[in-house]
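Enquirer: With the input below, show me the fold.
(chains A, B, C, D, E and F, ligands or ions: 3)
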Amino acid sequence: MLSAAATLPFLVLAQATDLAQAAPTPTPAVQQVIDSGSTAWMLMSSAMVLLMVPGLALFYAGMVRRKNVLTTMLHSFVAMAVIGLHWVLIGYSLAFGHSVGGLGIIGWNWDYVAFQGLSYDKLFADKGVPELVFAMFQGKFAIITPALISGAVAERFSFRAYILFIVLWATFVYCPLAHMVWAEGGWLFKLGVLDFAGGTVVHIASGFSALILAMMVGNRRDYPDGAIMPNSLVLTLTGAGLLWFGWFGFNAGSAVAVQSPVAGSIAVLAFTTTQTAAAAAALVWMLLEWRHTGKPTSLGVASGIVAGLVAITPAAGHVTPLSAIIIGAIGSVVCFFAVQLKAWHKKDDSLDAFGVHGIGGLWGALATGIFCFIPVKGLISGEGITQLGKQALGAGVGIAMAVVGTLVIGTIVNAILGLRVTDQQERDGLDITIHGERGYHL
Amino acid sequence: MLSAAATLPFLVLAQATDLAQAAPTPTPAVQQVIDSGSTAWMLMSSAMVLLMVPGLALFYAGMVRRKNVLTTMLHSFVAMAVIGLHWVLIGYSLAFGHSVGGLGIIGWNWDYVAFQGLSYDKLFADKGVPELVFAMFQGKFAIITPALISGAVAERFSFRAYILFIVLWATFVYCPLAHMVWAEGGWLFKLGVLDFAGGTVVHIASGFSALILAMMVGNRRDYPDGAIMPNSLVLTLTGAGLLWFGWFGFNAGSAVAVQSPVAGSIAVLAFTTTQTAAAAAALVWMLLEWRHTGKPTSLGVASGIVAGLVAITPAAGHVTPLSAIIIGAIGSVVCFFAVQLKAWHKKDDSLDAFGVHGIGGLWGALATGIFCFIPVKGLISGEGITQLGKQALGAGVGIAMAVVGTLVIGTIVNAILGLRVTDQQERDGLDITIHGERGYHL
Amino acid sequence: MLSAAATLPFLVLAQATDLAQAAPTPTPAVQQVIDSGSTAWMLMSSAMVLLMVPGLALFYAGMVRRKNVLTTMLHSFVAMAVIGLHWVLIGYSLAFGHSVGGLGIIGWNWDYVAFQGLSYDKLFADKGVPELVFAMFQGKFAIITPALISGAVAERFSFRAYILFIVLWATFVYCPLAHMVWAEGGWLFKLGVLDFAGGTVVHIASGFSALILAMMVGNRRDYPDGAIMPNSLVLTLTGAGLLWFGWFGFNAGSAVAVQSPVAGSIAVLAFTTTQTAAAAAALVWMLLEWRHTGKPTSLGVASGIVAGLVAITPAAGHVTPLSAIIIGAIGSVVCFFAVQLKAWHKKDDSLDAFGVHGIGGLWGALATGIFCFIPVKGLISGEGITQLGKQALGAGVGIAMAVVGTLVIGTIVNAILGLRVTDQQERDGLDITIHGERGYHL
Amino acid sequence: MKLIIAIIRPERLQAVQDALQKTLDEGDNYRLTVASVDGHGRATGETEYFRGQEVRTRMAQRTQITIGVNDAYVDRAIDAIVNAARSPNGEVGDGKIFVLPLEQVVRIRTGERGGSAI
Amino acid sequence: MKLIIAIIRPERLQAVQDALQKTLDEGDNYRLTVASVDGHGRATGETEYFRGQEVRTRMAQRTQITIGVNDAYVDRAIDAIVNAARSPNGEVGDGKIFVLPLEQVVRIRTGERGGSAI
Amino acid sequence: MKLIIAIIRPERLQAVQDALQKTLDEGDNYRLTVASVDGHGRATGETEYFRGQEVRTRMAQRTQITIGVNDAYVDRAIDAIVNAARSPNGEVGDGKIFVLPLEQVVRIRTGERGGSAI
Ligand SMILES: Nc1ncnc2c1ncn2[C@@H]1O[C@H](COP(=O)(O)OP(=O)(O)O)[C@@H](O)[C@H]1O
Ligand SMILES: Nc1ncnc2c1ncn2[C@@H]1O[C@H](COP(=O)(O)OP(=O)(O)O)[C@@H](O)[C@H]1O
Ligand SMILES: Nc1ncnc2c1ncn2[C@@H]1O[C@H](COP(=O)(O)OP(=O)(O)O)[C@@H](O)[C@H]1O
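Expert: Residues are numbered from 1 along each chain as shown, chains lettered A, B, ... in the order given. Ligands and ions are numbered 1, 2, ... in the order given. Next up is the predicted model:
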């Protein structure tokens, strides 16, 4: 029985190609047995992605002023609560249910509501892991994605509005996009768009939404003249460390979509590219700064790490480690300049969610089409720009969904609750005025 | 050989029911081979539970005043040292050795002393993992449980007394309770009391002990009028994040007791319920506060997370994800009000170890009897209150052990070393007066 | 097929002995199948060792003055970037390539450059894991080792010089040493020197280099009279917690070198000894302080944890849990006194990289020869001092490489860039003068 | 006008604020500025340890309050502080009050000067 | 000589520094000392919450600047601070300036005393 | 009585404390209050960077000590501070000492006032 499973790794390539060609594969009852190694890895990956949320909280919180440190952390923590529930109740069904009308735009499965029909012993496709752990893993992505947006609107966004916004956004932007790109019946998936761990679904979606939302809510009152200094870059670096750690789960855990056993070659490849891209990007960002201002900053290194991780996300299991170095390095360059542009356009994307996630994700999505070699070959493998074209299409759809979705949802939320805190609240800090707390009593 | 193992998952239900019916199953030599996936997951889970200890240190340390931040962290860290050794030397033997006299109250095995007889290649029951990793996993529980108590007596407890207390408490409260509830020969185990990952053994035991100890040592000199403000809620939130992460190991790793492969369906179920309960509880606590005081606090979200995790602990592998949402939500409500009661009874359970762990653990233990569906069916499965009755009995025994044990041990320690620091030490802070250090030189 | 794999655990002992006897085992095509459990564990271990780097950053950063907190963290973070790349580009080839000239001193494999020849589906030896994950795991060791050195020269070392230094040091000290001790063709490996997870390669090498480098760069201007106080021991304790967690990956992951499945008995044994040694050492350090100064400090507990982890590193998979307690306890004693010696010799090994890693690693290397029982037997198994002799040889080579290498590289770097910042920079702090940032704006 | 600088125990701040508010709100509005400081008083010889090495250290955390008052309220403010900040039996470490002559006060909001600006 | 102690909003510090520098650099060199403080002004009744329990709290973060100036520059310094620290319409919380007589100044570097040492 | 406010380098605090203790303990008891501040002196134009954007910043960390002394000890205290706080060759950034007239001192513990309360 298990020996049947044991031959599977050799089928990965073939399979993955199939997936990419994407006729809704009828899942045959190939693998009826739990593979404990794969399950262990998925459990672990899911836990690691959850840890990225506090990691993000620290990363962001370190960059705001002391008076807003808690509200900034809460943006991430409350997503764990709110989207954590949303996913179980309806999110998973919307993203991974049967394509409604076969259109490949959104899913729905009454069975999946509150996981009622997901029996604990139901396996996921032919991957040898329980479907629940796949659902959990994906749920963590749904949590962190809206939390990423919060960086763009830090220090002035209404907390109530934020909660309503992320619920609507998860429902009408994230879940459809995840369905299109990742679900078996999704139209972009069927088209063969590659997005290994979420360059489009996670980073383009959150990054472009972030920019729009920042423009809708307007600049901080002290931006750009108020000497807004980070309360503690120690937190930011710590957060970057946790993010890097968790990202291994994010990327290497995403092998669940393409291979069995899950903890196999593709997972390891994704792990490796994650590491090399992040290292290259961190170094490049630091060198750019060194050249530019004479000061290699710790925030620069942290930003480079994240930029590299973002850039490699869609490509992680599709490219070689060397390609990953290039993707990370270029990712750092484009993000660095995207961030510098702020000095010119003066849109207060406070913690550079757009500059890093939007631009980094876009680059990564395209780079996947350039550098991929498995399961399909891309530009540098001499297979022309077909895949690059698909990638551009995927990215374009992601951008469109993000921009339009955020404009509409933002307008609605603004009408109901108002997007912005009062001037007095902003000045005195959101921690004390909204949450009745202070970050430090030192 | 392995294909024999491979059929095991399908036996889980049957097996687990057996366990619950609890005639001391003679372990046949079914599984002679290490299952690397299960072992990987147990290694990982053990490491994650260890990480909960620094997580707890941060969670607690953030809430005390600056002058006591280190001593509060040390309460957790020193448990890693002291109970870490205690467990290896005698704790494991007391908890998981053969029932002395067959009474099911305490164990002993000379072989287990200092793990001398635990050959590194000895497997644990039929679970396909080395017994050493089971012992390590359990050892982490033994470490964190007394550390939980420290929250109730923060900022005034003598450090020497604390060390003596936890050694005695581990010996005379924790180990017997673990034996009764979890060891094959334990009488509560044989009776069919369910405690998946320690609602009774860990949370009821520590929570009720915490209350008693807080009453024995008395209120802090500045309580309740001294405006005792948390030195850094950033630490508390970070700690809550680490706890949530680690709790996945705590709960999903506890599948080791019921299934093979360990990293299988029940582990995944426990993982899922852990996630949903925590999310629901965090949201509910925040909403209660919002209604109550108008301020949704970050400490409230953190407290809700922990309350939910506590409540689901005994039920994790026994209930559905939807039940877990309800358990978490109600857990948050009962803990929230238990904590508010302090304003009335004025017992200085400083960081609410009783309010959260005692009450949350009690609710979880009972909720298990209400919502369980596997391996036995509970109230909502229409099987009546039999299981609920067993759960109440288990909880009652846990409470009795905790209360009596703490009264006796506390009295003894008080007689030998005194429970409380001097007034001067308390005023100037324990960090400088006892440890000769300060938390910050900022 | 897999059932062939399944019998492997029983060969571990035999195999391991073979390895120790060390004729370059021709790797037969025994294991052609990925073992997902072992791969899961290696992925996890690699991620955990990466997390040790931010852990180390926090551990060190907490101990320096506020004005140098970021530069101290950067020493670790920049190693992730720089050595992260170095390893992929040439490090792995130098350390694990074919022995150049068969001398067993350094390796080289054009194939390994940039991992070009490491196909993602190539397995590692007979361990059932992809070679890429082995390379990643080892790469994390290469990152953290030079970062350890930075503790000795904190608060005064030039950032540029540091980067150049670690690149050269990784190339000319670390990689050769790793080759000699761990590569199949390494001469010390062939001789049977045991170094389970890096007592010699990691701790002796970094610790002795640290001392030399501290002497070359000279004392801090305020040492020893300037009341140099740690800016936040909260960070140091948090770092110690992350280090302990990550060290489980460090040590138990190192089972990859000796057994299949990797996540098996030896991994569990290493996990257990890691835990017991750390606990014993933490307790002993605290008690020593208590006796010595009357104050059991939190830094003492943290230092003890690290000392114990260092001491057990080379022995982790070779000794019993009880031996580990002894090794940890003695490790704490020797490190404690080594650190106290500073008051006498007045060499400003600022954060005691030598006292803890150099001395602790040396003790551990020797202790391995005393206490080992698997795969070879040592002194206390009554097999005489053969193994102890080999261990002493290994340690001696490590020390020699470190001392000579650091002297040469330090001299070169000093000539090119200067090792030390200006007096003004040192006085105003490296964060603001070199990196243009401050750790806190509280 | 005087500038009162008082060094008190942190845990007394709330009581002091209450007392000052009661006292000052009749006339001046109650306003003050608070800083975190370290006090070195009688109890000398405190030491901190860093890996076994002794370091002379700051004694204990204190709270410094700065408050500008009109002459009429100086004594009342002092009394209020003394009463609220003293520990039950008056213990070493309770702190000090310093009264400095204050020549000018300016309210930034309005540019107003003098007693009415306090 | 006077010692000026001003309590301002943190976000105004940069503007105040610029203004002071412009004003003072002609004569004295511009130098000042900055501390982080908490202000309690008009807006009383702020509360913080700790697990549902209300605690009276410090109102808001303020920045305190201390600056020693020669008599000739006192008014100019005050004006510079007022102008730079005032929020657009002058709002409650903008802060205060206190002017104290300063009897002596010593420059540690040289031991110099008096006006030239400022 | 005078109130001495001195701004010094943090690394000089211990030396200053020792010097003051030696000087003051004969008469007054040695007591002082210490705060962490940021100094802006001669060296203007320091910048900090935030994602590539320049921000004018606080120059460097300084320690402020506040000490109330009786008239007889003022000069001795100043000398003690100057000697202990000066860097070997007297460098820019060594700091300043301000001496303010002090009208009243109250010991909270006893309510005592005046010179003996210092
Ligand atoms: N002369 C002084 N100058 C500056 N600060 C002082 C002085 N006397 C007391 N303090 C401050 O007040 C705090 C408490 O002083 P305390 O020990 O209570 O004085 P006393 O012993 O006179 O009651 C000290 O820690 C210090 O911060
Ligand atoms: N009399 C005073 N004594 C001490 N500090 C004061 C005084 N008045 C104002 N402050 C400080 O200035 C800050 C701002 O005061 P503010 O509310 O603007 O006064 P106003 O209402 O008179 O404009 C306060 O938070 C407080 O820190
Ligand atoms: N006139 C002043 N007012 C306020 N603080 C001052 C003044 N002069 C100096 N300081 C403080 O002293 C610190 C050191 O000053 P410094 O640059 O040494 O002065 P100088 O160049 O006159 O020796 C400054 O950073 C500042 O904090």
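Enquirer: residue ranges of the helices in the stretch 51-200 of chain A, please?
Expert: A:69-86, A:92-96, A:131-149, A:159-169, A:175-182, A:187-191 (DSSP state H, counting those that start in this stretch).
Enquirer: Including distance to ligand 2, could the ones you listed go into CSV?
Expert: C-beta: built from backbone N, CA, C; applies to glycine. Shown next, in CSV, are these (distance: least, Cβ to the nearest ligand atom, whole Å):
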stretch, distance to ligand 2
helix A:69-86, 21
helix A:92-96, 50
helix A:131-149, 34
helix A:159-169, 25
helix A:175-182, 47
helix A:187-191, 56
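Enquirer: Indicate which one of those helices is closest to ligand 3.
Expert: Go through the helices of the stretch 51-200 of chain A one by one with Cβ to the nearest ligand atom and the one that ends up closest to ligand 3 is helix A:69-86, at 26.8 Å.
Enquirer: Direction-wise, compare that closest one with helix A:131-149 and give the angle.
Expert: 150 degrees (axes from the mean of the first three to the mean of the last three Cα atoms, to 10 degrees).
Enquirer: re earlier: of all the helices of the stretch 51-200 of chain A, which one is nearest ligand 1?
Expert: Nearest to ligand 1, of those and by Cβ to the nearest ligand atom, is helix A:69-86 at 28.9 Å.
Enquirer: Check whether that closest one comes near chain B.
Expert: Yes. Contact between helix A:69-86 and chain B, assessed by Cβ under 8 Å from any Cβ of the partner chain, occurs at A:69-71, A:73-74, A:77-78, A:80-82, A:84-85.
Enquirer: Save those as a markdown table, and put in distance to chain C too.
Expert: A markdown table is the format used below for the residues of helix A:69-86 next to chain B (distance: Cβ to the nearest Cβ, whole Å):
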| residue | distance to chain C |
| --- | --- |
| A:69 | 10 |
| A:70 | 14 |
| A:71 | 17 |
| A:73 | 16 |
| A:74 | 19 |
| A:77 | 18 |
| A:78 | 24 |
| A:80 | 20 |
| A:81 | 24 |
| A:82 | 28 |
| A:84 | 23 |
| A:85 | 28 |
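Enquirer: From the residues you listed, list the buried ones, please.
Expert: Among those, those classed as buried by 16 or more other Cβ atoms under 10 Å in any protein chain shown are A:69-71, A:73-74, A:77-78, A:80-82, A:84-85.
Enquirer: Just the CA trace of the helix or strand where residue A:213 lies, in CSV.
Expert: Using DSSP states H and E, the element containing residue A:213 is helix A:205-217. Taking C-alpha atoms only, helix A:205-217 is exported to CSV below (Å, rounded to 0.1, in the frame of the first residue of the first chain):
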residue,chain,number,x,y,z
ALA,A,205,-3.1,41.6,-3.8
SER,A,206,-2.0,43.1,-0.4
GLY,A,207,0.6,45.5,-1.9
PHE,A,208,-1.6,47.2,-4.4
SER,A,209,-4.6,47.3,-2.0
ALA,A,210,-2.2,48.9,0.5
LEU,A,211,-1.4,51.7,-1.9
ILE,A,212,-5.0,52.4,-2.8
LEU,A,213,-6.1,52.3,0.8
ALA,A,214,-3.2,54.6,1.9
MET,A,215,-4.4,57.1,-0.8
MET,A,216,-8.0,56.8,0.4
VAL,A,217,-7.2,57.4,4.0
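Enquirer: And the next helix or strand past that helix?
Expert: In N-to-C order, the element after helix A:205-217 by DSSP H and E is helix A:233-252.
Enquirer: how far away is residue A:440 from residue A:433?
Expert: According to Cβ to Cβ, to the nearest Å, residue A:440 stands 16 Å off from residue A:433.
Enquirer: quick one, which of those two is more surrounded?
Expert: residue A:440 (23 against 19; other Cβ atoms under 10 Å in any protein chain shown).
Enquirer: so which of the buried ones among the residues of helix A:69-86 next to chain B comes closest to chain D?
Expert: Set against chain D, the nearest of these by Cβ to the nearest Cβ is residue A:69 (17.4 Å).
Enquirer: how near is the closest one to residue B:238?
Expert: On the measure of Cβ to Cβ, residue A:69 and residue B:238 end up 11 Å apart.
Enquirer: how about low-confidence regions in chain D?
Expert: Scanning chain D for pLDDT under 70 picks out the ranges D:25-29, D:41-46, D:56-59.
Enquirer: In it, which helix is the longest?
Expert: Ranked by residue count under DSSP state H, the longest helix found in chain D is helix D:71-85.
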